[in-house]
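Enquirer: turn this into a model:
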Amino acid sequence: MTILSKHDDFPGKPGKSRNFDKFNFKPPLPVRDGVSPSYIWLPHGPWGTLLSFLNERFPNVEDTTWRSRMDRGEVVNAQGVRMVAGSLYHPGDCIFYYRELELETSIPFTESILYQDEHLLVADKPHFLPVIPSGRFLHETLLVRLKKKTGLKHLTPIHRIDRETAGIVVFSHNMRTRNDYQSLFQKREIEKVYEAYAKYLTGVKFPFVYRSRMVEGTPFFRMQETDGESNSETCIDILEQGSDATLYRLRPLTGKKHQLRVHLAALGIPIINDPFYPVAQACKGDDMSLPLQLLARSISFRDPLNGQTRYFESGKKLVLTEG
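Expert: Predicted coordinates:
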């Protein structure tokens, strides 16, 4: 029994649980307190009931929690049919539910809305605030905060920046024009400028372009460079040279995960307070005293709907703090 297999805008892989915000499809559960439902495709396997699969797939969620969600009608299939404790397991089905966190770290920094029209919303994100729900963050994310603030239920980011990075994030809230703006990022028709503090790099002439081949690294959340044809490029220049640190202007010409952090670390000048590069440090938990000195300063592009030049700039400034 395959559910929604004909919907190209509703992709998924069996066994993968994801948040629903990025897809142009109306889920069978509504947005609740700014949180869209998550969903999971059911893979082939030995499970007789849906509950037995959920207990195995999510070992950190108690059986009683799933039963309580089902009793409240908060676990449904793609047609909106309520799932109960005795519901049979159907491979290929798609199940929707709400993520819940008993304890969530409060992020004591505030985002701001720089621009909003009938298609886009542009936000200025603080350090430490994730863009979308993931892991131990749900309500303390930029997306959910903005949904609560604006009431825009179709709001979704059309690009991402790391939780550790501050600065500009562009959102779409119009499903009719979302693909028009997303295609700009896919075609690399967006100019992004970042700023970062790091040690001074000697022996080179600025500006210059650094290129390398990046692949997934170890641990799983890191990237690494490897031999082979380059797939990442960054233009690097100096804005201000100080005695303790240099302020760099970084323009990524490609959009690999952690690209700027990997490139500067590879040059021997890791971004100040980077917990991942060049070496992954022990998790600091809720310590937010040393923000990564990386800021998404600006984004510019030609609007695909009217041809106008769009330019958005962060109002935040890097404040140099070292551990």
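
Enquirer: make it CA atoms for all contacts and neighbour counts henceforth
Expert: Fine.

Enquirer: Leu146 sits in which helix or strand?
Expert: Element membership of Leu146 [criterion: DSSP states H and E] is helix 142-150.

Enquirer: could you dump that helix to PDB, C-alpha only?
Expert: As requested, the backbone C-alpha atoms of helix 142-150 are provided in PDB (Å, rounded to 0.1, in the frame of the first residue of the first chain):
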ATOM      1  CA  LEU A 142      13.800  30.700  14.100                       C
ATOM      2  CA  LEU A 143      11.000  29.100  12.000                       C
ATOM      3  CA  VAL A 144       8.700  28.300  14.900                       C
ATOM      4  CA  ARG A 145       9.300  31.700  16.600                       C
ATOM      5  CA  LEU A 146       8.400  33.500  13.300                       C
ATOM      6  CA  LYS A 147       5.300  31.400  12.800                       C
ATOM      7  CA  LYS A 148       4.100  32.300  16.200                       C
ATOM      8  CA  LYS A 149       5.000  36.000  15.700                       C
ATOM      9  CA  THR A 150       3.400  36.400  12.200                       C
END
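
Enquirer: and that helix, which residues are buried?
Expert: By neighbour count with 16 or more other Cα atoms under 10 Å, helix 142-150 contains the buried residues Leu142, Leu143, Val144, Arg145, Leu146, Lys147.

Enquirer: and stretch 38-45, by the same measure?
Expert: Ser38, Tyr39, Ile40, Trp41, Leu42, Pro43.

Enquirer: quick check: the gap between the last one and Leu54.
Expert: Note on Pro43: its distance to Leu54, by Cα to Cα, to the nearest Å, is 12 Å.

Enquirer: what of the fifth one?
Expert: With the distance defined as Cα to Cα, Leu42 ends up 10 Å from Leu54.

Enquirer: next SSE downstream of the helix or strand where Ser183 lies?
Expert: Element membership of Ser183, judged by DSSP H and E, is helix 178-186. On the C-terminal side of helix 178-186, the nearest following helix or strand under DSSP H and E is strand 191-198.

Enquirer: partners of that following strand in the sheet?
Expert: Using DSSP bridges, the strands paired with strand 191-198 are strand 246-252 (antiparallel), strand 294-302 (antiparallel).
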